[in-house]
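Asks: the following block contains a protein sequence and its predicted model.
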Amino acid sequence: MLGYYSKLSTEVYGVDKPIGTSFGDVEFYLERLKGIAGKILEPATGTGRMLVPLLENGLDVDGFDSSEEMLEMCRKNCKVRGLKPELFEADMETFSLDREYEAIIIPAGTFLLLHEREASLRALKNFHAHLKPGGKLIVDLYLPTDDEIGHSTLRSWELDDGAVITLETTLKEIDFINQFSIAHNHYEHWKCGKLLGTELEPFAMRWYGVEEFRTILEDHGFGDIVISADYEHGKYPENRQQSITFEAVARK
């Protein structure tokens, strides 16, 4: 996994997707986790966009992230709301805990940041090892929608202090054989006409075929698999613009 979400990219994420932002996923996850009284784990929890509303709805959720900056923002978002989850720095492939969970959730396509196939398979094995028998895995995937090498987009955000952060994203590579793409995210931080800082973030994303990922889950000890599109439970996806959610049960 590459080094995602440093200072500027974390700040942009917090401004662009503040706590309370939902793409239909927060409501979906709340529904799918209804009735779980035990502990839930959210790998790559980020700023707490999903974690916070789950906690506020009475669920017992731990979270971790490989980005120190993301974790710091998540802690702040929890503290101001009086929430005290267990948060720690780790990555999906190698985290090791002395407990098992009732559910593990990876929303928003974050699992796809493991762009190397073997890394993603190691993560799935690790998830399975940390789930109780019958525990639930819920993971969102996306298919690529941009296949024009060199295509760029430019966005900007104004901060509370009047500064502006710009983001230019350029698609640099698509590896159709190994099923991943690489974009370059170029962040610039401006205030009063002066450039205060920049970040260049290589952003790699993997993709899976729908039935391919079902087979991978089955091969890694998961069953009772339900596939949903655009957060409509059980609705099979029809096109590559849709979000795709897999829900599976750990068999021991």
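Replies: Happy to help now that I have it.
Asks: which phi and psi does residue 140 have?
Replies: Residue 140 has phi and psi values of phi -90, psi 140 when expressed as degrees, to the nearest 10.
Asks: just checking, it touches residue 237?
Replies: No - the criterion here is C-beta atoms under 8 Å, and residue 140 misses it with residue 237 at 11.7 Å. All C-beta spots, glycine's among them, are computed from the backbone N, C-alpha and C.
Asks: more crowded one of these two?
Replies: Comparing residue 140 with residue 237 by other C-beta atoms under 10 Å, the one with more neighbours is residue 140, at 22 against 18.
Asks: how about the contacts made by that one?
Replies: 25, 106, 107, 108, 109, 110, 111, 243, 244, 245 (C-beta atoms under 8 Å, 6 or more residues apart in numbering).
Asks: and what of residue 221?
Replies: 128, 250, 251, 252.
Asks: quick one: those as JSON lines, columns for pLDDT too.
Replies: What follows is the contacts of residue 221, written out as JSON lines (pLDDT from 0 to 100):
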{"residue": "128", "pLDDT": "98"}
{"residue": "250", "pLDDT": "98"}
{"residue": "251", "pLDDT": "97"}
{"residue": "252", "pLDDT": "84"}
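Asks: selecting buried members of the residues you listed in ChimeraX, what would you type?
Replies: Buried residues among those (16 or more other C-beta atoms under 10 Å), as a ChimeraX selection:
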select :128,250
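Asks: and the gap between residue 45 and residue 186?
Replies: Going from residue 45 to residue 186 by C-beta to C-beta, to the nearest Å gives 26 Å.
Asks: neighbour count for the two, which is higher?
Replies: Counted by other C-beta under 10 Å, residue 45 and residue 186 do not tie: residue 45 has more neighbours, with 27 against 17.
Asks: which of the helices or strands spans residue 69?
Replies: In the assignment (DSSP states H and E), residue 69 maps to helix 68-79.
Asks: sorry, back to before: just the ones of the contacts of residue 140 in strands?
Replies: 106, 244, 245 (DSSP state E).
Asks: center of this structure - which residue?
Replies: residue 110 (2.6 Å; C-alpha atoms, centre = their mean).
Asks: list the contacts of it.
Replies: 43, 44, 46, 140.
Asks: am I right that the second one is in contact with residue 51?
Replies: No - with the criterion set as C-beta under 8 Å, residue 44 and residue 51 do not qualify as a contacting pair; they are 10.5 Å apart.
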